[in-house]
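A.B. asks: predicted model follows, preceded by the sequence.
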Amino acid sequence: MDPRTSAQNVLRCDLCETAVVQMHCDTCLVNLCTACVGKNMISDETKDHKITKTSLKAGSSPPVKQLLDEPETVTTINTGNGDLNNMACLSDKNIWTNGYDSTMELYSINQGSLLKSMTTKSGNEPEVIAVTKSGDLVYTDYKDRTVNIVKNEKIEEVIRLQNWRPRGVCSTSSGDLLVIMHSDDYKQGKIVRYSGSTEKQTIQFDDKGKPLYSTDGFYRFITENRNFDICVSETGLEAIVVNQAGKLRFRYPGHTPAPKNKTFNPRGITTDSQSHILIADHNNDCVHIIDQDGQFLRYLDCGLSQPRVLFTDVNDNLFVTQWKSKKVKKIKYLY
């Protein structure tokens, strides 16, 4: 187990790996205990280190929840939108969805009714949709090379790329955007962290200078875990988890035996309050649940068929879209 996140998921200092986190260096993107603040600043005196306090203290961990022996489908939402390609939870009451067109639709979970719809600025199909920390809809436009935010029903272009195309996007606990992208020639892949339109961090290579992300997979799905790890699902390949500083923690290639004995084909990826990582397996009609260190815990099926996009709400309910289906399943799997 990673010593930085053991003992009730209390976050540990990235330098000494034992003391509880009390500070954060916004420049280096590392979590620090008070004793290690000076050590971090001395390590690179050329930087203007911005040190801030963090609320991640001992005892701030969420209540411990257990996996249900028998996960259950709470409700099924019929969106009327065939070939569901995208989904994002606005709240435990409303979800955004999108098919293979330029329209993004907001649905009521309880009533199953359409509340509003938005069309992309370019008229292109959004590659991925997500919801920001402040509740705004954000989407990537692959063809237009842009990342856009919808505020007060107006679309604002916040990022425009050159020589790269955006795939997945997610909003972090700090309000930053993580965008996963590939080069025009499909030979490179990377994650870039943005604060507004400003680049703060690039994650592309491991400690040996080898690419972290394959150019063979369509890495559309990205999320941030509670311990600030960044989790990416490469379609048809594996899940890749790096820490907040961009260092590789582990790769998850699937688990055997698979429910249908088919090749692991990861799609959507999400996390919950327990720092579990949930990964949709398109080929085996199930969801893999692993812990924050990559250890397999269980499969979840609930009658799923070709699960595609995953999201969890604030109550740890799991929402799953199914390819070639107009329906979203809401599943209870923790107690």
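C.D. replies: Ah, there it is.
A.B. asks: in this structure, where is pLDDT below threshold?
C.D. replies: 1-10, 17-18, 42-46, 53-62, 81-82, 216-218 (pLDDT under 70).
A.B. asks: parallel or antiparallel, list what pairs with whichever strand in it runs longest.
C.D. replies: Counting residues, the longest strand found in the chain (DSSP state E) is strand 67-78. The sheet places strand 67-78 alongside strand 327-334 (antiparallel), with pairing taken from DSSP bridges.
A.B. asks: the residue nearest to Gly246 when sequence neighbours are not counted bridge partners, please.
C.D. replies: Nearest residue to Gly246, sequence neighbours excluded (CB to CB, 6 or more residues apart in numbering): Ile203, at 3.8 Å. All C-beta atoms are positioned from the backbone trio N, CA, C, and that covers glycine. Following DSSP bridges, Ile203 is listed with bridge partners Ile191.
A.B. asks: residues in contact with the longest strand of the chain: which ones?
C.D. replies: 95, 107, 109-110, 112, 289, 297-298, 300, 302-303, 317, 326-335 (CB atoms under 8 Å, 6 or more residues apart in numbering).
A.B. asks: which of those residues count as buried?
C.D. replies: Buried by 16 or more other CB atoms under 10 Å: 95, 107, 109, 289, 298, 300, 302, 317, 326-334, out of the contacts of strand 67-78.
A.B. asks: if we can go back for a sec, the residue nearest to Gly246: neighbouring residues, count only.
C.D. replies: 23 (other CB atoms under 10 Å).
A.B. asks: which residues sit in contact with it?
C.D. replies: Counting by CB under 8 Å, 6+ apart, Ile203 has contacts Lys190, Ile191, Val192, Arg193, Leu212, Ile230, Val242, Gly246.
A.B. asks: select, from these, the two members most distant in space.
C.D. replies: Arg193 and Leu212 (14.2 Å; CB to CB).
A.B. asks: quick one: the longest strand of the chain to chain centroid distance?
C.D. replies: Chain-centre distance of strand 67-78: 21 Å, with CA atoms, centre = their mean, to the nearest Å.
A.B. asks: ok, stretch 33-53 next?
C.D. replies: Distance, stretch centre to chain centre, for stretch 33-53: 28 Å (CA atoms, centre = their mean).
A.B. asks: can you check stretch 205-215 too?
C.D. replies: That offset, for stretch 205-215, works out to 20 Å (CA atoms, centre = their mean).
A.B. asks: and for stretch 105-122?
C.D. replies: 21 Å.
A.B. asks: quick one: end-to-end distance for that stretch.
C.D. replies: Separation of the first and last residues of stretch 105-122 by CA to CA, to the nearest Å is 17 Å.
A.B. asks: list of residues touching it?
C.D. replies: By CB under 8 Å, 6+ apart, stretch 105-122 touches 75, 77-81, 90, 92-98, 102-104, 126, 137, 139, 141, 143-144, 146, 148, 150, 153, 155, 157, 328, 330.
A.B. asks: just the buried residues of the residues you listed.
C.D. replies: 77, 79, 81, 90, 92, 94-98, 102, 104, 126, 137, 139, 141, 144, 146, 148, 150, 155, 328, 330.
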